[in-house]
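Asks: with the sequence up front, the predicted model follows.
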Amino acid sequence: MTKHKSLAALHEGLLKKEFSSVEITRACLDAIEKDTLNTFITPNENALHKAQEADEKIAKGEASFFTGVPLAVKDTLVTEGLRTTAASHMLDTYIPPYTATAVERLTDKGMVILGKTNCDEYAMGSSNENSAFGPVKNPSDPTRVPGGSSGGSAVAVAAGMAPLALGSDTGGSVRLPGAFCGVVGFKPTYGRISRYGLIAMASSLDQIGILTHDAYDCAATLGAVAGWDRHDATSSREDVADYVAALDKPLPKLKIGIPKEYQIDEAPAAKQLMENALKLYKGIHELEFVEVSLPNLIHSLAVYYIIMPSEVSSNMARYDGLRYGNRERLKGSLEEAYAQNRSGGFGEETSRRIMLGTYALSAGYVDRYYAQSSRVRTLIREDFLSAFQNVDMMLTPTSPTPAFKIGEKSNDPLLMYLSDMYTCAANLAGIPAVSYPAGLDESGLPLGLQLMGPAWSEEKLLRAVNRLMPLHEV
Amino acid sequence: MKKAIALEEVKNIAKLARLHLSKKEQESIAGELGEILEYVDRLRTVSTKDVAQYVSAASTIAELRPDQPDRFLKTNHLLPTEYFKDTLLVTKAIFKENSTDD
């Protein structure tokens, strides 16, 4: 019933009584119950009750655009009274006492939470194989990964279990699953959406993101969740535009940069995808494509894999079984108890990143690794600022490959980390970026292209997606 | 740099990170960390003389709220309702009635 219906179509159907919120919520919950892709960790038992409340509001003529529409929420976003695990054994019984601002802004408008979607543990991963609740599978080919870390949220939308989903993006965790599953994955400017209630992974990089079928749904959702929040000191007071209205305006002339550092022979599928896209876009008179150079872009991945685990090691320190998280049977000294609790609760990848971050921050290595990475991060940001003096946005592949096989990279962390090579730079620079579906490869697997813009260019990015994405639809 | 980092170093880092790793896990992580660090070591070739460390992409950092008292209303998250009167926690009186500060 909700399968691939836009938010506007659902809203109109609800107002015209073509279906009720209870009916569409029940249809989604049925799909979740029959799901074989391991998409959700915790369905919301209260969903039908909330849908009933939404129907009453609609009947009274008090409906907002979102009232009665179902929503999937990544399990790294806390939800009052609804178990939130971050896909970790560390938190597998955690019932939060409050709700994340981004989620609350949607439920306050009458959206119905269907449940909490599966993801990589604490959002650490590119494939969604690191969940304590098992891997999520790709709806296009269940032997393949859906991308991570917001894999469950992307699958929920792609497979028609939810019309939209919230995720989080620290180095590409919304865009990569968006590309692998054939949906729009949007990461806004740092500070555009409050991080209050997002279980922290790497605080200078984390942003809440949106997964939808198209630019319109993304624009409507962004308009609803964006804006300053007193609970997040890094949220911005920058005005929230009317992103939906902007999509109806004619596309302005846009100069789009193609970073030369991303045109590499080692990623032939991505290179081919870019060549095909540029051919396809050639006739669009509003668009001009030019090559740009960001000399430090090639260092993004190396910088990311020092800054991110360093912040991870700090953020994960609180999970010791006494302040937060899993508590094993206490034996030995307090230090031993901490170690038992942490090792019993964290999975392999989380432990690996804590170790890497602890190493990079340790007294003997902090200058060589963390401080140097932080300086190169400044250079990467300056490269973007300089490039955006000449172009409105940049076009790149989202991923070096389409969705890969489950298990293909899980024994080679470095190879897995390369999945983030095109996406992590936007997080390092704090700029907005969006992955949009760009057709299928010869095996029928979804492909994704990424647009990155300067800070606060969300409106322009979504207008470009709205123009370009339909060209790839067969 | 060698691919694997020393096992002794892995043990020290695990202690700092408050993680208990088995011998097998220590050996595995020594190789993985070594490989990742070898990749990351390319950053040493970047000239960063006079470049400041990155601070934040946020336009404001730690903006403080107005210094106004704000009553916490979700008392049900703390203790059952019988412990509260008008959202205030009821405790045993420590001042006598009509007592004054000296």
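Replies: In hand now; what should we look at? Just so it is clear, the model here is predicted, and its values are computed rather than measured.
Asks: for residue A:166, which three-state class applies?
Replies: Under DSSP: H, G, I helix; E, B strand; the rest coil, the three-state class of residue A:166 is strand.
Asks: how close does it get to residue A:315?
Replies: The gap separating residue A:166 from residue A:315 is 20 Å, by Cβ to Cβ, to the nearest Å. Placement of C-beta: from N, CA and C, glycine included.
Asks: same question for residue A:183.
Replies: 28 Å.
Asks: give me the more crowded residue out of the two.
Replies: residue A:183 (29 against 18; other Cβ atoms under 10 Å in any protein chain shown).
Asks: which residues touch the more buried one?
Replies: Shown in contact with residue A:183 (Cβ atoms under 8 Å, 6 or more residues apart in numbering or on different chains): A:154, A:157, A:158, A:211, A:212, A:213, A:437.
Asks: got TSV for these, with neighbour count, distance to residue A:300 and secondary structure too?
Replies: Output for the contacts of residue A:183, formatted as TSV (neighbours: other Cβ atoms under 10 Å in any protein chain shown; distance: Cβ to Cβ, whole Å; DSSP: H, G, I helix; E, B strand; the rest coil):
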residue	neighbour count	distance to residue A:300	secondary structure
A:154	39	23	helix
A:157	30	27	helix
A:158	27	27	helix
A:211	33	23	strand
A:212	24	26	strand
A:213	22	29	coil
A:437	25	24	strand
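Asks: ok, what's across the strand from residue A:440?
Replies: On the basis of DSSP bridges, residue A:440 takes part in beta bridges with residue A:446.
Asks: and it, how far from residue A:473?
Replies: For residue A:440, the distance to residue A:473 - Cβ to Cβ - is 10 Å.
Asks: what about those two, which has more around it?
Replies: residue A:440 (15 against 8).
Asks: list the contacts for that one?
Replies: Contact partners of residue A:440, counting by Cβ under 8 Å, 6+ apart, are A:182, A:446, A:447.
Asks: report pLDDT for it.
Replies: In this model, residue A:440 is scored at 97, pLDDT.
Asks: excluding sequence neighbours, find me the nearest residue to the closest residue to chain B within the stretch 351-474 of chain A.
Replies: Distances from the stretch 351-474 of chain A to chain B, computed as Cβ to the nearest Cβ, single out residue A:430 as the nearest residue at 2.3 Å. Once flanking residues are discounted, residue A:430 sits nearest to residue B:57: 2.3 Å by Cβ to Cβ, 6 or more residues apart in numbering or on different chains.
Asks: so that neighbour: helix, strand or coil?
Replies: coil.
Asks: so it is in contact with residue A:454, correct?
Replies: No - using Cβ atoms under 8 Å, residue B:57 is not in contact with residue A:454, being 11.5 Å away.
Asks: which residue is nearest the centroid of chain B?
Replies: Centroid-nearest residue in chain B: residue B:17, 12.6 Å away (criterion: Cα atoms, centre = their mean).
Asks: check contacts around it.
Replies: A:313, A:342, A:354, A:355, A:358 are the contacts of residue B:17 under Cβ under 8 Å, 6+ apart.
Asks: have a look at chain B and report the helix or strand with the lowest mean pLDDT.
Replies: Averaged element by element with mean pLDDT, DSSP states H and E, chain B has its least confident helix or strand at strand B:88-89 (a mean of 86).
Asks: pull the residues that contact it.
Replies: B:75, B:78, B:79, B:83.
Asks: and the first one, what's its pLDDT?
Replies: In the prediction, the pLDDT value recorded for residue B:75 is 84.
Asks: show me the strands in the chain, by range?
Replies: Using chain A. Assigned by DSSP state E, the strands in chain A fall at A:40-43, A:70-74, A:112-117, A:165-169, A:184-187, A:207-212, A:254-259, A:287-292, A:393-397, A:433-440, A:446-452.
Asks: wrong one, I was asking about chain B
Replies: For chain B, the strands defined by DSSP E cover B:84-85, B:88-89.
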